[in-house]
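[1] Here is my input; please provide its structure:
(chains A and B, ligands or ions: 2)
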Amino acid sequence: MSILVFAESIDGVFKKSTFEAVSYGSEVAKKTSSTCVVVSIGNVDDSKLAELANYGADKIVSIKGDKVSNFSAQAYAKAIATVASAEGSNIIVISNTYSGKSVSPRVAAKLKAGIASGVISYPDTSSGFKVRRSVFSGKAFADVDVKTVTKVIAITPNTFDLVTNSKPANIVAADGGLSDADFVTQTIEVSRVTGKIPLTEAEIVISGGRGMKGPENWGMIEELATILGAATACSKPVSDMDWRPHSEHVGQTGITIKPNLYIAVGISGAIQHLAGVSSSKVIVAINKDPEAPFFKAADYGIVGDAFEVLPKIIEAAKKLKG
Amino acid sequence: EFAIFLKTKFSYFCLPFIEAESMKILVCVSNVPDTTTKVTFTDNNTKFNTAGVQFIINPYDELALTRALEITEKQGGTVSTVTVGLADTDASIRKALAIGATDATRINAEPTSAYFVAEQIAAYAKDQAFDLILTGRESIDYNGGQVAGLLGEMLGMPSVNVITKIDIENGVATMERDIDGGKEKLSCKLPLVASAQKDLTEPRIPNMRGIMAARTKPLNVIEPVAGELTSATIGFDLPAAKGGVKLIPAEQAEQLIDLLHNEAKII
Ligand SMILES: Cc1cc2nc3c(=O)[nH]c(=O)nc-3n(C[C@H](O)[C@H](O)[C@H](O)COP(=O)(O)OP(=O)(O)OC[C@H]3O[C@@H](n4cnc5c(N)ncnc54)[C@H](O)[C@@H]3O)c2cc1C
Ligand SMILES: Nc1ncnc2c1ncn2[C@@H]1O[C@H](COP(=O)(O)O)[C@@H](O)[C@H]1O
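    Ligands and ions are numbered 1, 2, ... in the order given. Presented below is the predicted three-dimensional model:
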C-alpha cells in the first residue's frame, strides 16, 4: 500500500500548494505505516523534482515529454491512475487548485474511488476513514466517510502546514501509459499574469470595495499590497463596474480565498462576500460605518474613513518593512 | 457497432452540408439554498435545516443553461436539463423550463454524493448522443465541483472545467477557462463535458411567456439506477464564532501594523 500525491507544476516549477500536498501525503503515510509516492507530470528538472523529497516523498515518479507540457485533464488523470495502480496506491492526494479540481474526479471515476474534495483535515481512521470538508461556501463543515478501498482526497490549498521531512531523492521515469488518443484538448494560448502574486496563493490579500469610491483611488491599496507582499482583491460591484479586473472578484460568485491575512477596505461585508473570504486566518475590516456587518466577521477593525486611515497604515508598514 | 459506424460515417460526410451545427445539449441543474441562507442543521447536526430556506437553481447552472440557449438560438438544436433530486426540486426545474429549456428530466433520488449524481446522469445520458453536456463550476451547497470530471470519465468524454467562454463551429468547441493565475484558450472536438464559471454569460430572467410555456413542457421523472455508496456525509458542524473584533481608533490606525506584527504575528 502507498499514498500517491499528484505534484502539480507550472512551467517546470512546483507551487507551495504542491509542497503542502506532499507534506499531507507523507504525514498520512506515517500515520498509516505506508510509503509516500509522488507523481510529477510535466517537464520538471531533476533538481526541482528533488525538492519533493524535502517534504517526505519516498519515491518520485516523473512523467515528461512534449505532450504533457500542456495540462490536459483526461491525460493527466489517466497517468495518475496508471501510476496509482502500478504503485498499489490506496489513497491519492491532490491539491484543489483549478488543475487539481479538473483531474481529481476523473481519477476517482477511473479507479472507482470515493472522493472528498475541499478537505481541511487529516483523515481520522479510528473507525472508517473520515475527513472534514468545507461546505456551503465556508459557512459550514461536513464530515465525510469515504467508504471505498481506494480514495481520492482533494485538499484545500493554504490549509496544511509544510512539514519538512528530508529523504534521499529517489526519482524514476515513467510514461503513465499515455498515447496520442489521450490528448483530446488543444491548448491555443495560455496567459498568466506575471510579476503579480496569484490571488489564490497569496498569504496576504488587500481588498477594496465600493467605499473606495473609484478606480483612481486604488493606488493606496496597491501600495500597501506591494509593501506587505500581498495580492489585491475586490468586491463584486467593484469588478462589475470595471474599476478592477474580474480576476480580483472574491466571494460566493468569485474566487474563494484563504489567506493568512485579509484586509477589507470599504467593503460592507455582505454574506455573499464573506462566503469567499471568511476562512482567512486573520481578518481586518476598515469601514466608516460602525454598523457594517464586516466587523462581526473581523478580528481587527478600524471605524474610519479609508482615505484618512490607509495613509497611516501605509506609513507604519513602510517603517516595519524598512 | 455497425450503428455507431453508420452514424459516425454519416455525420462525417454530411456534417458540412446538412444542419451541421444543430446542437443537442444537456444541462445538469441542481437545486440549492439561496445565497443569503443562514446555514443551520437538525437531527443532531446530521441534516441541513431546510425550514424557511428558499431554494434556487444553482447560479452556475443557470449560466450554463443560458449559454446553452444562446448557442441553440444561434445555430439550432435542443437544450434538455437533468436533475437528480426528489419532487421538492420541481420548482427549480420548472424555472429552468421557463428560462427556455426544451424539456427536463428528474431522476427521482436523493443526491447523496457527487459520485452518485454523476453515475445517475451518466446512465441517463450515455445512449442519447448529446453533443455537449454543461454543468456548473460547483454547487454552492456542497461545493464539490466534481460532477463534470466524474461525468466526463464515466462517459468517456473530455471534460473542461471553469469555462468563461464557449463557441461551437464545425463540431469543435473553442473555449476559455480559468487556470491558476491566469486564463487558457483551448479547443476540443465534441462531444464534451464543460463546467460553467461566472462570466460565461449573464443569467436570464424568465418572462411571462416562458413561465406559461413551462407549464406544458415535458418534465419526465425517471427512477434511479443502482449506484455505489462511495462516500457518506455523517455530520455537519459550524465554524467557531469569532472571538469578537478588536477595535483600533482611526486616529491611531498605524497601531494595526504593530498588532498584526507583534500580536497576530502575521506580517
Ligand atoms: C447571488 C449573489 C451573489 C453575490 N456574490 C458576490 C460575491 O461573490 N462577492 C461580493 O463581493 N459580492 C457578491 N454579491 C453582492 C453582495 O451582496 C454585496 O452587494 C457586495 O458585496 C457589496 O459590495 P461592497 O461592500 O463593495 O459595496 P457596498 O455594500 O456598497 O459597501 C460599501 C462599504 O464601504 C463603506 N464606505 C463608504 N465610504 C467609505 C470610506 N470613505 N471609508 C471607509 N469605508 C467606506 C460603507 O460604509 C459600506 O459599508 C452577490 C450578491 C448576490 C445576490
Ligand atoms: N443533484 C444534481 N442534479 C443535477 N446536476 C447536479 C446535481 N448536483 C450537482 N450537479 C451538477 O454538477 C455541478 C457541480 O456540482 P458539485 O460537484 O456538487 O459541486 C453543478 O453545478 C450541477 O451542474
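[2] burial of residue B:126, as a residue count?
    12 (other C-beta atoms under 10 Å in any protein chain shown). Where C-beta positions appear, they are placed from N, C-alpha and C, glycine not excepted.
[3] Pretty sure it sits against residue B:155.
    Yes: contact criterion C-beta atoms under 8 Å: residue B:126 and residue B:155 qualify, at 6.1 Å.
[4] Across the sheet, point out what pairs with the nearest residue to residue B:266 once chain neighbours are set aside.
    Once flanking residues are discounted, residue B:266 sits nearest to residue A:261: 4.8 Å by C-beta to C-beta, 6 or more residues apart in numbering or on different chains. Taking DSSP bridges as the rule, residue A:261 bridges to residue A:204, residue A:282.
[5] Residue ranges in the stretch 151-267 of chain B under the pLDDT threshold?
    Filtered on pLDDT under 70, the stretch 151-267 of chain B yields no residues whatsoever.
[6] in it, what residue is nearest ligand 1?
    At 8.0 Å from ligand 1, residue B:198 is the closest residue in the stretch 151-267 of chain B, using C-beta to the nearest ligand atom.
[7] which SS class is that residue?
    With DSSP: H, G, I helix; E, B strand; the rest coil as the basis, residue B:198 sits in coil.
[8] related to what we said a few turns ago, ok, the residue nearest to residue B:266 touching residue B:261?
    No: with contacts counted by C-beta under 8 Å, residue A:261 stays clear of residue B:261, the gap being 10.9 Å.
[9] Compare neighbour counts for those two and give me the winner.
    Neighbour comparison, residue A:261 and residue B:261: the larger count goes to residue A:261, with 22 against 15 (by other C-beta under 10 Å).
[10] Can you check the pLDDT for that one?
    Reading off the confidence values, residue A:261 has pLDDT 97.
[11] Also residue A:62?
    So residue A:62 comes in at 98 (pLDDT).
[12] Could you find the closest non-adjacent residue to it?
    residue A:40 (5.0 Å).
[13] Likewise for residue B:97?
    For residue B:97, the spatially nearest residue (C-beta to C-beta, 6+ apart) is residue B:214, at 3.8 Å.
[14] Quick check, the one you found in contact with residue B:93.
    No: using C-beta under 8 Å, residue B:214 is not in contact with residue B:93; the gap is 9.0 Å.
[15] And these two? Which one has more around it.
    Ranked by neighbour count (other C-beta under 10 Å), residue B:214 and residue B:93 place residue B:93 first, with 25 against 20.
[16] Hmm, residue B:83 and the more buried one touching each other?
    Yes: checked against C-beta under 8 Å, the pair residue B:93 and residue B:83 is within contact range at 5.5 Å.
[17] Name the residues contacting each of the two.
    Listed as contacting both residue B:93 and residue B:83 by C-beta atoms under 8 Å, 6 or more residues apart in numbering or on different chains are B:29, B:31, B:104, B:106.
[18] Let me know how buried the last one is, in neighbour terms.
    When counting by other C-beta under 10 Å, one arrives at 22 neighbours for residue B:106.
[19] does it have beta-bridge partners, and which?
    Going by DSSP bridges, residue B:106 forms beta bridges with residue B:83, residue B:221.
[20] And the helices in the chain, which stretches?
    Picking chain A for this. Taking DSSP state H to define them, one finds helices in chain A at A:16-31, A:46-49, A:73-86, A:98-111, A:218-228, A:236-240, A:271-277, A:294-297, A:306-321.
[21] Correction: the question concerned chain B.
    Under DSSP H, chain B gives helices at B:2-14, B:59-75, B:90-99, B:114-125, B:147-155, B:208-216, B:255-258.
[22] quick one: which of these has the weakest pLDDT on average?
    helix B:2-14 (a mean of 49).
[23] Spatially nearest residue to the closest residue to ligand 2 within chain B, not counting backbone neighbours?
    Using C-beta to the nearest ligand atom, the closest approach of chain B to ligand 2 is made by residue B:136 at 2.3 Å. For residue B:136, ignoring the flanking residues on the chain, the nearest one in space by C-beta to C-beta, 6+ apart is residue B:60 at 2.8 Å.
[24] just residue A:198 next, same as before
    residue B:181 (3.7 Å).
[25] and stretch A:150-164, average pLDDT?
    Rounded mean pLDDT across stretch A:150-164 is 95.
[26] actually stretch A:101-121, not the one I wrote
    Stretch A:101-121 comes out at a mean pLDDT of 97.
[27] how far does that stretch sit from the chain's center?
    Its chain's average C-alpha position is 15 Å from that of stretch A:101-121, according to C-alpha atoms, centre = their mean, to the nearest Å.
[28] gap between the two ends of it?
    18 Å (C-alpha to C-alpha, to the nearest Å).
[29] List the buried residues for that stretch?
    A:101-111, A:113-121 (16 or more other C-beta atoms under 10 Å in any protein chain shown).
[30] out of these, who's near ligand 2?
    Among the buried residues of stretch A:101-121, none lies close to ligand 2 by the criterion of C-beta under 6 Å from any ligand atom.
[31] Number of residues surrounding residue 148?
    I'll assume chain A. Quick note: residue A:148 (other C-beta under 10 Å) scores 19 neighbours.
[32] wrong one, I was asking about chain B
    Neighbour tally, residue B:148, other C-beta under 10 Å: 32.
[33] What of the one 5 residues further on?
    Each residue near residue B:153 was counted by other C-beta under 10 Å, and the total is 27.
[34] residues in contact with the closest residue in space to it that isn't next to it in sequence?
    Leaving aside its sequence neighbours, residue B:153 sits nearest to residue A:109 (C-beta to C-beta, 6+ apart; 3.5 Å). If you count contacts by C-beta under 8 Å, 6+ apart, residue A:109 has them with B:115, B:118, B:149, B:150, B:153, B:154.
[35] Who are the contact partners of the fifth one?
    Contacts here follow C-beta under 8 Å, 6+ apart; on that basis residue B:153 touches A:74, A:77, A:105, A:106, A:108, A:109, A:110, B:159.
[36] gap between the residue of the stretch 51-200 of chain B found nearest ligand 1 and residue A:118?
    When distances are taken as C-beta to the nearest ligand atom, the stretch 51-200 of chain B reaches nearest to ligand 1 at residue B:59, 5.8 Å away. To residue A:118, residue B:59 is 18 Å away according to C-beta to C-beta, to the nearest Å.
[37] Residue A:19 too?
    On the measure of C-beta to C-beta, residue A:19 and residue A:118 end up 19 Å apart.
[38] Residue B:206 too?
    Residue B:206 is 32 Å from residue A:118, by C-beta to C-beta.
[39] Then residue A:292?
    28 Å.
[40] Please apply the same query to residue B:130.
    For residue B:130, the distance to residue A:118 - C-beta to C-beta - is 28 Å.
[41] Not counting its neighbours along the chain, what's nearest the spatially most central residue of chain A?
    Central residue of chain A (C-alpha atoms, centre = their mean): residue A:157, 3.1 Å from the mean position. Nearest residue to residue A:157, sequence neighbours excluded (C-beta to C-beta, 6+ apart): residue A:17, at 4.0 Å.
[42] The one you found against residue A:98, yeah?
    No: counting by C-beta under 8 Å, residue A:17 stays clear of residue A:98, with 10.7 Å between them.
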